[in-house]
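Enquirer: sequence first, predicted coordinates after that:
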Amino acid sequence: MVSPLHSNGRAELRDEKIVTSIGDLAPRPDLRPELLLRLSGKLQTTLELQQLLEIFFDEIQQAILVDGITFHHANNGLHISQGKQSQHSVHYRLQTQGDYMGDLNFHRSTRFREHELANIEGLLTTLVYPVRNALRYHSALAAAFRDPLTGAGNRAALDRTLVREIELSKRHQHALSLLMIDLDWFKQINDKHGHSCGDKVLQQTVECISSCIRQTDMSFRYGGEEFIIVLSGASASGALRIAERIRISIEALRLQGSQGDIQLSASLGCVTLHGDDDKDSLLHRADEALYAAKSGGRNRVICETDLHSELPPAKAD
Ligand SMILES: Nc1nc2c(ncn2[C@@H]2O[C@H](COP(=O)(O)OP(=O)(O)OP(=O)(O)O)[C@@H](O)[C@H]2O)c(=O)[nH]1
């Protein structure tokens, strides 16, 4: 059912309604049937949420003047806006058969009138199922790029991200750093406490890493107990600070295994993009730095600059 909730007296004036299904909201007489038909047809041409809302925003202008719309999905962090956000807004929660499908706000500099709200609701009936299909498509796509055990990005996601971030970094001349992280003596944890305990350690490691980085930084599972962090905008010194923070946090984890406490530590390689780098050369240098951290005693961070400073000085002729 549609249940209005009015709240006035704040900077943003909001009305709130819930759209539960197409059946709840019958199209109103002052919406031309051909408009609804065309809108429905256009909304079926894409599964991309961004494009869907673009089409919706453009088309509804023929029935009602709206300055902007914003869509927000609390569970998967989606936030999309079209047009501009004005002082007045009306808010709808979209759901079908109990499935939450996001929140949609309509914005305007003047308050919406009753018959306009009725029109918006009529228009919304065309959007409910296309949004549901787009959300399912989005989830399927996200799952294809996620490691199912830890929720970190998988190798395919890493490849795509690195190619994109390297290109952006070169185009906009901002720094890009990468950390390669490998848990120390992980085989012994599996051997002593069992494989499922090892799995939990991997999950907690990813949680720990996520708590040390920004939401915009990206973490990936590179191999069994090996992870990559892509730090967009981070210089070598910034990346080193983050790497140390991760190393200390992993060492501080208190984990209980089937055979007693687990003392965890990790080794990290830290590299920063050079002008002539591509994805493979960057990963190769990170791997070298990580190898040096392992052979240097583990539970440490090695930067590529450390590697070079260890090289013997060039011989004078
Ligand atoms: N539980 C669990 N173990 C895994 C998974 N993937 C890989 N492994 C294990 O990770 C272990 C990696 O062992 P090694 O490569 O010898 O590395 P390590 O014991 O950490 O030693 P160093 O890296 O040299 O410090 C192997 O025993 C793999 O079976 C997984 O998804 N779950």
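Expert: Ah, there it is.

Enquirer: can you map out the strands along the stretch 51-200 of the chain?
Expert: 68-73, 78-83, 88-96, 99-108, 176-183 (DSSP state E, counting those that start in this stretch).

Enquirer: tell me the most buried of these?
Expert: strand 176-183 (a mean of 25; mean count of other C-beta atoms under 10 Å). To be clear about C-beta, it is placed using only N, CA and C from the backbone, and glycine gets the same treatment.

Enquirer: quick check on residue 296: phi, psi?
Expert: Main-chain torsions, residue 296, degrees, to the nearest 10: phi -80, psi 0.

Enquirer: my guess is it meets residue 303, correct?
Expert: No - using C-beta atoms under 8 Å, residue 296 is not in contact with residue 303, being 12.0 Å away.

Enquirer: out of the strands of the stretch 51-200 of the chain, which is closest to residue 165?
Expert: Nearest to residue 165, of all those, is strand 176-183, at 5.7 Å by C-beta to C-beta.

Enquirer: count of neighbours near the residue in the stretch 1-150 of the chain positioned nearest to the ligand?
Expert: Relative to the ligand, the nearest point of the stretch 1-150 of the chain is residue 149 (5.7 Å; C-beta to the nearest ligand atom). Neighbourhood size, residue 149 [other C-beta atoms under 10 Å]: 12.

Enquirer: tell me the contacts of it?
Expert: Shown in contact with residue 149 (C-beta atoms under 8 Å, 6 or more residues apart in numbering): 199, 202-203, 221.

Enquirer: with residue 80 instead?
Expert: Counted by C-beta under 8 Å, 6+ apart, residue 80 has contacts 49-50, 53, 70-72.

Enquirer: up against the ligand, what does the stretch 151-300 of the chain have?
Expert: Proximity of the stretch 151-300 of the chain to the ligand is confined to 182-187, 190, 195, 198-199, 202, 224-225, 294, 298 under the rule C-beta under 6 Å from any ligand atom.

Enquirer: looking at the contacts of residue 149, spot the one nearest the ligand.
Expert: Once C-beta to the nearest ligand atom is applied, the member of those that ends up nearest the ligand is residue 199, at 4.6 Å.

Enquirer: number of nearby residues for that closest one?
Expert: When neighbours are counted by other C-beta under 10 Å, residue 199 comes out with 13.

Enquirer: confidence score at it?
Expert: Residue 199 carries a pLDDT value of 97.

Enquirer: skipping adjacent residues, who's closest to it in space?
Expert: residue 149 (6.0 Å; C-beta to C-beta, 6 or more residues apart in numbering).

Enquirer: dihedrals phi and psi, that neighbour?
Expert: The phi/psi pair for residue 149 (degrees, to the nearest 10) reads phi -70, psi -50.

Enquirer: state the distance from it to residue 115.
Expert: Noted for residue 149: a distance of 53 Å to residue 115, by C-beta to C-beta, to the nearest Å.
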